[in-house]
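# Below are the sequence and a predicted model; questions follow.
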Amino acid sequence: MELVDIQDLKSWGSNAVPVQLRPRVHIDADGNPSVPLIDGHCHLDMVVERGLSADEITQGLEENGVVSLVEIGADKQAMLWARTLAHTACRFEVYYTIGHHPGEAATADAEFGLKFIDENKNDARFVAVGEIGLDYYYHKDQSEIQKKVFTDFVRAARRVNRGIAIHTREAHADTMEILRREAHGLKILIHCFTGNAQEMADFLSLGAFISFSGIVTFKNAAALQEAAKICPEERMLVETDAPFLAPVPFRGKVNQPGYVRHTLNFLAKLRGVEANTLAAQCVNNTHEFYSIV
């Protein structure tokens, strides 16, 4: 992904609507009012890389009433791209994170990321350190370096007073151990939660927020759905993790930030609540975790 690819998304700067003038209620395609949403975690650089144009992405956002997103900088190239987008796009609000994906723990990008965090500590668009964490599904042989890098980034988040967005896969015990030891007093977000109710309870005991992606809409996600039913509403976020994990009915397609609406609607039905009520709570929670005002 070359940084020049971001030029297409600068079209978001045209016809910009000042934040304070945006409607508080979005009108959907059927004429029904719905609360504007934020995609709490996406990789828009990878969405573009997979062939979606700025027009397609914009259309998806507008049709689904998604007015802002958090772009994830999980390696050197992505964090540079994310910072540029956050400061050039103004039709939609874009915030960014700086982190290091555990799958890349053995690369030199970790040192760059730690320096990048310190260099951008005064940038209000830089809203969290992430995604960081542990992944033993693909990279268990690198568990020790993963734990070191994870710890380094949690400590960096403390230095710059940012929350941490956590990736954890088949590494629950070690993730909990590091969070208990290193993350006291930090805001914690479990990104793309895929665990069961007990694992969720463990994270909630640390005061963590729990973010649900399109996986919760899958037919084979029964344990995750049971957890989603009982997650405290004041701890819930929704995200796409685009371009991955597109929700039903788009499963198998390239995911995009606009699809977060489908995950939100599924969660509302699953929990037996009004979609707008849950949407407003999830937006508030997202703003709280990322300290977006």
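Yes, it's here. Residues are numbered from 1 along each chain as shown.
# hey, where'd the strands end up in the stretch 101-250 of the chain?
126-135, 163-169, 188-190, 209-212, 236-238 (DSSP state E, counting those that start in this stretch).
# Show me the residue at the heart of the protein, geometrically.
residue 41 (1.6 Å; CA atoms, centre = their mean).
# out of everything not next to it in sequence, what's closest to that residue?
Leaving aside its sequence neighbours, residue 41 sits nearest to residue 239 (CB to CB, 6 or more residues apart in numbering; 3.8 Å). Glycine gets a C-beta too; all of them are placed from N, C-alpha and C.
# check contacts around that neighbour.
Residue 239 makes contacts with 39-42, 191-192, 211-213, 260, 263, as judged by CB atoms under 8 Å, 6 or more residues apart in numbering.
# Same list (these) but as JSON lines, adding distance to residue 92 and pLDDT.
Converted to JSON lines, these look like this (distance: CB to CB, whole Å; pLDDT from 0 to 100):
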{"residue": "39", "distance to residue 92": "10", "pLDDT": "98"}
{"residue": "40", "distance to residue 92": "14", "pLDDT": "98"}
{"residue": "41", "distance to residue 92": "15", "pLDDT": "98"}
{"residue": "42", "distance to residue 92": "12", "pLDDT": "98"}
{"residue": "191", "distance to residue 92": "20", "pLDDT": "98"}
{"residue": "192", "distance to residue 92": "22", "pLDDT": "98"}
{"residue": "211", "distance to residue 92": "20", "pLDDT": "98"}
{"residue": "212", "distance to residue 92": "22", "pLDDT": "98"}
{"residue": "213", "distance to residue 92": "20", "pLDDT": "98"}
{"residue": "260", "distance to residue 92": "13", "pLDDT": "98"}
{"residue": "263", "distance to residue 92": "18", "pLDDT": "98"}
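# For the closest residue to residue 283 other than its chain neighbours, give me its contacts.
The shortest distance from residue 283 to any non-neighbouring residue, by CB to CB, 6+ apart, is to residue 38 (5.7 Å). For residue 38, the contacting residues are 66-70, 93, 260, 283, 286-287, 292, by CB under 8 Å, 6+ apart.
# Now the two most distant members of those.
Distance extremes for those: the farthest pair is 260 and 292 at 15.6 Å, using CB to CB.
# if you count what's nearby, which of these two comes out ahead?
Applying other CB atoms under 10 Å to residue 260 and residue 292 shows that residue 260 carries more neighbours, namely 34 against 16.
# And that one, how far from residue 218?
Remark: distance between residue 260 and residue 218 (CB to CB, to the nearest Å) = 16 Å.
# can you check residue 101 too?
Separation of residue 101 from residue 218 (CB to CB) stands at 22 Å.
# Neighbour count for those two, which is higher?
Neighbour count, other CB under 10 Å: between residue 101 and residue 218, residue 101 has more, with 25 against 16.
# State which helix of the chain is the longest.
Criterion DSSP state H: the longest helix present in the chain is helix 143-160.
# Contacts for it next, please.
99-100, 102, 105-106, 110, 113-114, 117-118, 121, 128-129, 132-136, 139, 163-164, 171, 174, 178-179, 182-183, 185-186.
# Over to stretch 245-252?
192, 213-219, 240, 253-256, 259, 262-263, 266.
# Of the residues you listed, just the buried ones, ChimeraX syntax please.
Under the burial definition 16 or more other CB atoms under 10 Å, those of the contacts of stretch 245-252 that qualify are selected in ChimeraX by:
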select :192,213,214,215,216,217,218,240,254,255,256,259,262,263,266
